[in-house]
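K.L.:
Quick one: sequence plus predicted model below, questions after.
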Amino acid sequence: SGPGVTGRNNSGIWVFGDGLPRLVIRNGDPAPGLHDVTLSRTFYLSMNGMGRVSFASTLDGFGVDSTNDEAIWSDADGSLRMIARLGEPALGTNASFKDFFFPSINDAGEIAFAAGVTPGASGDYGNWVARDGSLDLVATRGMEAIGFEDGQKFAVTFGPVLSRNGNIAFGAITDGYSGNPQSPDIRGLWLERNGSIGLVVRSGMRAPGTDGGSEFTNFSNVTHCGDQVTFIGTLGFNNAIGIEGDGIWRSNAGDEPQLVLLGQKPPPGLPEDASIFGIDELRSNLTGDVAFTGWLASNSASEPETRAIFSLVDENLTVVATHGGHPPGTPEGTKFWSSSIAQNEGGQVAFFAMLMGGDVKPPTKPGMPPQLVNDHGIWGQDRSGRLRLVVRAGEMLDVDDGSEVDLRRIRSIQFRQQGFNANGDLAFSATFEDGTSGVFISNLLSVPEPSSIAAMTSGLAIVLVGFMRCKTRAVRGGHCRGGINYGNFVT
């Protein structure tokens, strides 16, 4: 808000690091390289470990219509430039771009994205990468499905998932798909390395680590860290060994996947009769640690089946939190209800959770008097593995950057996987009861450093809250990419 601010220029993209925010682009700014065209709404923001970004935007102005009103941008080279625009030729095809999805940037400044093309059928999508100053096709409908027999070709592609070193993982359904979701040999996961594509895993392939019996039928939640591709595999039932369900596998540099965890045979640390099923929301890091959610079944537990967050670090499986468990820092009777998880390079797990019971007050229904909202928050493991409350809706937060006190009550909180770095610093955004909002960095989980929360407010002042002042670091990079989900045929 302020002088000259309108609905057309009241938002933008800032990168916060090295103590000061840097403006990348403001809505309404001229679109670099385009005559009399401005950037409008921005979306699909991605940032690398160097503080450089990629994003998509809509366009307004001269010659803009529905066929060319979106573009992908990046400041990887130090200045903002356009990577691709709707209506331009889709390199490697005889079509033009008609939709953009999920652009991402790595530390080398390479940008990968998915796109739909026209003319073509509704399923005509592909994956592209911008590297070394050129835009190249990775995979699209009609290309040969390497590793599949009988000349099968890609029918639908998913992803891409770009790693730090430029490798690209992507999934695809082949044209052998008959319309029956249970059909064998219809889907796979591929890895593009140094310009060549190799098959990592496919449906119908024997699942390593299952005593030679079970075969993969599906894959989901693919993460990509350097040369490591980690995924959840679904197994078909095998009468000889009686295995069906979920597990986690990892492939290094495109080699045969190796079993990380099989739901029916969990590692030591859980009751002997325990099993895990319904594995999803997989996270992984470069050191091979994984975190995930799933159902924990055990006849010896107080609840035979319960939803849980798991962490597998140095081959030690632990239950971080359970649905119905007590959230630290809350009154007795308060319980976890649902969650969304993150894992950093140190193996620590943090998560956003909804709450129920105890002192929980959800948002009021329309027409009812307003009340304090405290039904969600963020929790995480500190360096010792202890689960701690980071921040909760309904709490008061001091957003003053000096000796004064400016307390504001938190109404809502947002948290993303990319906001949890290797140091244990955790970034989140908060909206307050008075309508103001800010972006915050907490180092509560990065012990033994002093605990504090730093805020970048709408006035762009730096505010420190806590017992003592400490250096505020940008929370960026350090994360493995993820996003391919065959289970629902979406990315």
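P.N.:
Arrived safely. Predicted, not measured: the structure shown is a model, and the values here were computed from it. Numbering: from 1, shown residues only.

K.L.:
partners of whatever helix or strand residue 355 lives in in the sheet?
P.N.:
In the assignment (DSSP states H and E), residue 355 maps to strand 349-357. Taking DSSP bridges as the criterion, strand 349-357 forms sheet pairs with strand 334-343 (antiparallel), strand 376-381 (antiparallel).

K.L.:
and it, what's its mean pLDDT?
P.N.:
When pLDDT is averaged along strand 349-357, the result is 95.

K.L.:
going forward, begin numbering at 742 instead of 1
P.N.:
That works, and once the first residue is 742, the last one we named lands at strand 1090-1098.

K.L.:
Pull out the C-alpha coordinates of it and format them as CSV.
P.N.:
Only the C-alpha atoms of strand 1090-1098 are listed here, as CSV (Å, rounded to 0.1, in the frame of the first residue of the first chain):
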residue,chain,number,x,y,z
VAL,A,1090,11.8,-33.0,10.0
ALA,A,1091,9.4,-30.1,10.3
PHE,A,1092,5.7,-30.0,9.5
PHE,A,1093,2.6,-27.8,9.3
ALA,A,1094,-0.2,-29.4,11.3
MET,A,1095,-3.9,-28.9,11.9
LEU,A,1096,-5.1,-29.4,15.5
MET,A,1097,-8.2,-30.7,17.2
GLY,A,1098,-9.5,-31.1,20.8
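
K.L.:
Which residues outside that strand are in contact with it?
P.N.:
Taking contacts as CB atoms under 8 Å, 6 or more residues apart in numbering, the residues outside strand 1090-1098 that touch it are 1024, 1032, 1050, 1052, 1061-1062, 1068, 1071, 1074-1085, 1115-1122, 1131, 1154-1156, 1161, 1167, 1186. Any C-beta I mention is one placed from the backbone N, CA and C, and that applies to glycine too.

K.L.:
Among these, name the buried ones.
P.N.:
Among those, those that count as buried by neighbour count (16 or more other CB atoms under 10 Å) are 1024, 1032, 1050, 1052, 1061-1062, 1068, 1071, 1075-1078, 1080-1085, 1115-1122, 1131, 1154, 1156, 1161, 1167, 1186.

K.L.:
Quick check: phi and psi at residue 838.
P.N.:
Its backbone dihedrals place residue 838 at phi -70, psi 140, with angles given as degrees, to the nearest 10.

K.L.:
May I have the residues that are in contact with it?
P.N.:
Applying CB under 8 Å, 6+ apart, the residues near residue 838 are 825, 826, 827, 828, 829, 830, 831, 856, 857, 858.

K.L.:
quick one: secondary structure of residue 1159?
P.N.:
Per DSSP: H, G, I helix; E, B strand; the rest coil, the local secondary structure of residue 1159 is helix.

K.L.:
Hmm, it is touching residue 788, no?
P.N.:
Yes - look at residue 1159 against residue 788 with CB atoms under 8 Å: they come within range, at 7.1 Å.

K.L.:
Looking only at neighbour counts, state which of those two leads.
P.N.:
When residue 1159 and residue 788 are compared on other CB atoms under 10 Å, the one with more neighbours turns out to be residue 788, at 22 against 17.

K.L.:
what's the first-to-last distance across stretch 1039-1057?
P.N.:
Taking CA to CA, to the nearest Å, the first and last residues of stretch 1039-1057 lie 18 Å apart.

K.L.:
Low-confidence regions, this structure specifically.
P.N.:
When the per-residue scores of the chain are filtered using pLDDT under 70, the ranges that remain are 760, 862-864, 918-926, 953, 978-985, 1007-1010, 1041-1044, 1105-1112, 1188-1232.

K.L.:
let's see it at 50
P.N.:
Low-confidence segments of the chain, defined by pLDDT under 50, are located at 922, 980-984, 1190-1191, 1198-1219, 1227-1232.

K.L.:
mind listing the helices for it?
P.N.:
Counting by DSSP state H, the chain has no helices to list.

K.L.:
Dig out what the residue lying closest to residue 1160 once chain neighbours are set aside forms beta bridges with.
P.N.:
On the basis of CB to CB, 6 or more residues apart in numbering, the spatially nearest residue to residue 1160 that is not a chain neighbour turns out to be residue 1168, at 3.6 Å. Here residue 1168 sits in beta bridges with residue 1182, as judged by DSSP bridges.

K.L.:
and residue 1168, what is it in contact with?
P.N.:
In this structure, residue 1168 makes contact with 1156, 1160, 1161, 1180, 1181, 1182, 1183, 1216, judged by CB under 8 Å, 6+ apart.

K.L.:
I am finished for the moment; much appreciated.
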